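Peer 1: Need coordinates for the below:
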Amino acid sequence: MNVKITPMRPEHVDAILSIERVSFPLPWNRETFLFEILLNELGLYVVALLGEFAVGYGGMWLVADEGHITNIAVHPSFRRQGIGRQILQDLVRRAVENGLNRMTLEVRPSNIAARKLYQKFGFVEKGLRKRYYQDNNEDAIIMWLEHLQGWPSDWTQLSGWERDN
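Peer 2: Sure thing, here's the model as predicted:
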């Protein structure tokens with residue numbers, strides 16, 4: 001399913017909050033999203049639109065030469081249709097365009113689907129943050145994607161690219 005990925009704006013926040021609430025046990029609130037898209041100079045957030053309907057979103061902080069992915073979520077009704085892949089592809093593209101050399105993120109060990117998606121993009125597990133998630137004290141796997149400026153211009157060269165998530 002192809003969606004339009006566009007910068008997140010305040011008018012998207014209500015729809016994003018509904019996705020956030022069904023995706024995370026400790027969801028961000030309206031003020032956090034508005035701060036990230038309006039005031040945080042390091043923040044870069046996108047929304048996946050199917051027509052005018054927000055079906056997913058993602059964001060990252062641009063710090064020095066790194067992109068730190070803060071969140072990626074897709075509405076449960078639209079998961080496993082390649083939308084998460086499209087959001088992540090857009091974030092990586094924007095990181096490259098901003099001259100970043102690497103990206104990082106934290107992911108729950110129990111989130112197998114997300115881990116597989118990140119691995120398809122070349123993210124590698126590099127460490128562990130013990131008891132990182134406050135809702136259940138689950139650890140977080142730290143993943144890195146290095147050498148962004150050497151990325152192929154042809155996205156189909158990525159390992160496993162043809163398989164949707």
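
Peer 1: So for the chain, which residue is the most central one in space?
Peer 2: Centroid-nearest residue in the chain, with C-alpha atoms, centre = their mean: residue 72, separated by 3.3 Å.

Peer 1: so what's the backbone phi/psi at that one?
Peer 2: Main-chain dihedrals, residue 72, degrees, to the nearest 10: phi -140, psi 130.

Peer 1: Give me the neighbour count for the closest residue to residue 74 other than its chain neighbours.
Peer 2: Among residues not flanking residue 74 along the chain, residue 56 sits closest, at 3.8 Å (C-beta to C-beta, 6 or more residues apart in numbering). The way it works is simple: take the backbone N, C-alpha and C, and place the C-beta from them, glycine included. Neighbour count for residue 56, taken as other C-beta atoms under 10 Å: 26.

Peer 1: Confirm for me that residue 56 is in contact with residue 47.
Peer 2: Yes - applying C-beta atoms under 8 Å, one finds residue 56 in contact with residue 47, separated by 7.3 Å.

Peer 1: And the strands in this structure, which stretches?
Peer 2: 4-7, 43-50, 53-63, 66-74, 102-107, 124-129, 140-145 (DSSP state E).

Peer 1: Just the C-alphas of the shortest one, formatted as PDB.
Peer 2: The C-alpha coordinates for strand 4-7 follow below in PDB (Å, rounded to 0.1, in the frame of the first residue of the first chain):
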ATOM      1  CA  LYS A   4       2.100   9.900   1.000                       C
ATOM      2  CA  ILE A   5       4.800  10.700   3.600                       C
ATOM      3  CA  THR A   6       4.800  14.400   4.500                       C
ATOM      4  CA  PRO A   7       6.100  16.600   7.400                       C
END
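
Peer 1: hang on, isn't residue 2 packed against residue 89?
Peer 2: No - using C-beta under 8 Å, residue 2 makes no contact with residue 89, being 11.6 Å away.

Peer 1: Just want to know which of those two has more residues nearby.
Peer 2: More neighbours surround residue 89 than the other of residue 2 and residue 89, with 17 against 10 (other C-beta under 10 Å).

Peer 1: so how far is residue 69 from the residue nearest to residue 74?
Peer 2: The gap separating residue 56 from residue 69 is 14 Å, by C-beta to C-beta, to the nearest Å.

Peer 1: Fine, thanks again, bye for now.
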